[in-house]
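In: From the sequence below, what's the structure:
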Amino acid sequence: MKGARDILTGAASVIHARIARVQGSSPRDEGAEMFVTATALAGTIGGGQAEWQTLTRARDMLAQGGMRAQLDIALGPEIGQCCGGRVSVELQRLGESQRAAHLARIENAQRPHLLILGAGHVGRALAQVALTLPWRVILVDTRASELALVPEGVDTRLTPLPEAEIANAPPASAYVVTTHDHGLDFLLTLAALRRNDAAYVGLIGSATKRARFERFARDTAGVSSEALICPIGAQGLGDKRPEVIALMTAQEIFTALRKLSPDVAATAAQI
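Out: From the prediction side, this is the model:
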């Protein structure tokens, strides 16, 4: 599936569909949007028959030369949806200046950064999950062999000084430390906590490892570990499969980012 950037910079004509008004319950809020061409789609207004009707109308506009339209859709049993609300969807064919304006908005959108420090099994699994979420995912490691296994689309950093990536990250970033070395784990976790502006700091390990780190941080650096999440992905209830740890950790990060800024979670992931 193409992303919005690909669609807006491509040659095909584009319809922009946006929820302009919501009454009652709806799968998505006002402002949810899609960019539609004759063969591609980016974004979602909530799925189901409401989205299908909107997609069909948009492609009819593309085929017939339509410029603007509006749909008023009741989200009830008659279209196979049970939300019970109503949405008003505005559709508009985009000219060059409008495409450029949407593209600029997307490029300027500030997505939160997730730094995964360590490209082993858990780090790669977390990167794979995080790619589906509205974050900028950066996977950092000292080993080229591990970074070579990283999923396509993840920003990778090969560096002998991963702590420098922590120092240079923007405020309100999330950090997950999952390297191959416990000593390095401790140093990187300490660097993330010392920033005092992290949205999330997670360390892979056990309750025993957390206790060891707390002593290290307190006695060596006088740093509080109160904000530390360790073990990460604890909602997996002891399941140690990398995929389960990754999924539960992503949920923790999402919750932490939403608490920090509700708008973060509303950012369109595909954009």
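In: does Ala69 belong to a helix or a strand, and which?
Out: According to DSSP states H and E, Ala69 maps onto strand 68-74.
In: Going by contacts, tell me the helices and strands next to that strand.
Out: helix 48-64, strand 86-93 (3 or more Cβ pairs under 8 Å, 6 or more residues apart in numbering; DSSP states H and E). From N, CA and C alone the C-beta is placed, and that goes for glycine too.
In: closest to Gly238 out of those?
Out: Counting by Cβ to Cβ, Gly238 lies closest to helix 48-64 out of the helices and strands packed on strand 68-74; the figure is 36.2 Å.
In: Next, the buried residues of that closest one.
Out: Within helix 48-64, the residues scored as buried using 16 or more other Cβ atoms under 10 Å are Gly48, Ala50, Glu51, Thr54, Leu55, Arg57, Ala58, Arg59, Met61, Leu62.
In: How about stretch 91-105?
Out: Leu91, Gln92, Arg93, Leu94, Arg99, His102, Leu103.
In: Not counting that stretch itself, show me its contacts.
Out: The list of residues contacting stretch 91-105 from outside it, by Cβ atoms under 8 Å, 6 or more residues apart in numbering, reads 4-5, 8-9, 13-17, 35, 54, 57-58, 61-62, 66-71.
In: can you rerun that using 6 Å?
Out: Outside of stretch 91-105, the residues within contact range by Cβ atoms under 6 Å, 6 or more residues apart in numbering are Leu8, Val14, Ile15, His16, Ala17, Ala58, Met67, Arg68, Ala69.
In: before we move on, the earlier item: for Ser206, find the nearest of the helices and strands packed on strand 68-74.
Out: helix 48-64 (42.7 Å).
In: After the helix or strand harbouring Thr208, which helix or strand is next?
Out: Secondary structure from DSSP H and E places Thr208 in helix 207-216. Scanning forward in sequence from helix 207-216 by DSSP H and E, the next helix or strand is strand 228-229.
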